[in-house]
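Engineer: I'll drop the sequence and a predicted model, then ask my questions.
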Amino acid sequence: MLSPFLPRRATLGCLTAALGLVFAGAVAWAQDEKLPSGEKIMEKTIEGRGGREAFEKLKTRILKGTIEVVGGGGPREGSMTRYEAAPNKRYTLVELAPDAKTELGTDGDVCWELSSSQGPRIVEGQEKAQREREGTFNALLYWRELYEKVECVGKEQVDDRPCYKVVLTPKVGNPETVYFSSKNGFPIKSEMVRKTAQGDLQIQERLEDYREVDGVQLPFRIIRQVTSMGQLQNMTQTITYTWKSIEHNVDLPADRFDLPQDVKDLQANPGKKPAKPGAAKKPPG
C-alpha cells in the first residue's frame, strides 16, 4: 500500500530503493553461498583463539572446577581436576557427592579408567582412539594429523549465531560434527557417537563462556548431553563442567601421569577379573 503522506513519485522512489536493497542483499547472499573449505575454517579457529604461536608456548595445563550431573539417578554435584601435558598426557579426577570417585587418563600409551563403583579398566579400540585424540595437548593445532578429512558441509544457526557445520573424520572411529562461529571461528557446539564398553553413547556438547588465558581463548563452561544407545537405551544425562581456574606452564609432579597400581595389576594380569572396589583383601598366609 502506498503511503498517503508522501507524493506518489516520492513513494514509488522509496519503494524502488527498498526493492533495490532487497535485491542487492539477495545477490550478496548468493555470492556467499560458496562454503569455505574445512581447512580454511580450522586455520581460522586457531587464529581466532589466539594463534598457533600463542598455543605453542603452552606445555602444561591444570584445570579445576565443578561438575553437575542431572538425570540417571537424580542430580549430583562435585569437583573436577584435570592435568594435561604435551604431547599427549592427561589425568582427570572426578569426585561426586557423596562418595563416587572416578579417575581416568593416559600416560601417552595406555588409556585407563578407575572408578569407585567398577574398579580399573584399560581402554581399547575405538574408545581408546577417541581418548587419545582428546588427550593430545592443544589438539586443535594437530587437526591434520588427527583427522583424515575435514569438510564444511553447510551453514546452520546455533542460538541465533551463524555457524559453519564441519564434519571431521578421524583415522579410527566415528566422524565428529562441529559448529564453528562464522564470526570468530570459535567452536560452540559438537556432536558425536562414542563407543564404550557399555555400548554407544550419543554426545552433544555446548562450549560456552570463552575467556582469554595466557593469550589463548578457552571455554570455561561445557554442557554435555549424553544419551545411552547401549545397555541403558534412551537414558539421558546432562553434565555441566564449569572451570573455576585454568593455569598454564605449571610444574607437575614427575609421577602425575603414572598408571595407578590397580591399573598396573590389571595390565599384568589381563585375564584376571579385578576385585570389586572396597572389597577386603585376603590376609597373607
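Structural biologist: Perfect, thanks for sending it. Residues are numbered from 1 along each chain as shown.

Engineer: okay but Val250 is in contact with Ile62, surely?
Structural biologist: Yes: the pair formed by Val250 and Ile62 meets the contact definition of CB atoms under 8 Å, at 5.4 Å. (C-beta placed from N, C-alpha, C; glycine too.)

Engineer: Pick out whichever of those two has more residues nearby.
Structural biologist: Taking neighbours as other CB atoms under 10 Å, Val250 and Ile62 compare with Ile62 leading, 17 against 11.

Engineer: tell me which element the more buried one falls in.
Structural biologist: strand 60-70 (DSSP states H and E).

Engineer: Starting from that strand, tell me the next helix or strand along the chain.
Structural biologist: On the C-terminal side of strand 60-70, the nearest following helix or strand under DSSP H and E is strand 76-85.

Engineer: report the angle between the axes of the helix or strand following that next one and strand 76-85?
Structural biologist: Towards the C-terminus, the helix or strand next in line after strand 76-85, according to DSSP H and E, is strand 89-96. Orientation of strand 89-96 against strand 76-85 (axes from the mean of the first three to the mean of the last three CA atoms, to 10 degrees) gives an angle of 170 degrees.

Engineer: where's Trp112 relative to Lys59, distance?
Structural biologist: Separation of Trp112 from Lys59 (CB to CB, to the nearest Å): 23 Å.

Engineer: neighbour count winner among those two?
Structural biologist: A direct count of neighbours by other CB under 10 Å for Trp112 and Lys59 places Trp112 higher, at 23 against 15.

Engineer: and that one, that's in a helix?
Structural biologist: No: looking at Trp112 with DSSP: H, G, I helix; E, B strand; the rest coil, it is strand, so not inside a helix.
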